[in-house]
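J.: need a 3D model of the sequence below.
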Amino acid sequence: MIPMEFYKFEVERLDGTQESMEKYKGKTIVVVNTASKCGLTPQYEGLEELYKTYNEQGLVILGFPCNQFGNQEPGTADDIQEFCQMNYGVSFPMFAKINVNGSDAHPMFKYLKSELSGLLGGKIKWNFTKFVIDKTGKPVKRFAPTTEPSAMENYIKDIL
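T.: Have a look, this model is predicted:
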């Protein structure tokens, strides 16, 4: 059974520990499926910039590596952590590799897709699809993989 509230989800961090989304209650959240070997990978830089700029005002970005699109995230948790830190200085929370589409998609992504279906309905098109959850835990906006993080800035500022 999929919880129908964002804060009820439990996810695994890159280090293997479990974390409840309850931890982020009262914050504006961007959930993004990521990959290290994708043409859109440089978006890590823009995501980190948004995180650094607005974190103290209540923004958190949560990265979820996914290997479902072109095998572009083949690495281990350690590989992903090292890549993100060395190449993009990622300091926002990163989670264990998950699936975002199909029957074995993570329940949190099933929920987000049901709340905010995109151009492909209940599917995620590619890496770096971004979901915005407001301070009350309601999914409010979905941004396409090709939408640069900087193009989300005004929207995020408005809901912080």
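J.: helix, strand, or coil at Pro145?
T.: Look at Pro145: counting by DSSP: H, G, I helix; E, B strand; the rest coil, its state is coil.
J.: can you report how many residues lie near it?
T.: Other residues lying near Pro145 total 19 when counted by other C-beta atoms under 10 Å. To be clear about C-beta, it is placed using only N, CA and C from the backbone, and glycine gets the same treatment.
J.: helix or strand: which one has the spatially most central residue of the chain?
T.: Residue closest to the mean C-alpha point of the chain, counted by C-alpha atoms, centre = their mean, is Val32 at 2.1 Å. Take DSSP states H and E as the rule and Val32 turns out to sit in strand 28-34.
J.: from the contact counts, what lies against the helix or strand following that strand?
T.: The element immediately downstream of strand 28-34 (helix or strand, assigned by DSSP H and E) is helix 43-54. On a contact count with 3 or more C-beta pairs under 8 Å, 6 or more residues apart in numbering; DSSP states H and E, helix 43-54 meets strand 28-34, strand 59-65, helix 77-88, helix 153-159.
J.: strands paired with the first one, and their directions?
T.: Strand 28-34 pairs in its sheet with strand 59-65 (parallel), strand 130-133 (antiparallel), by DSSP bridges.
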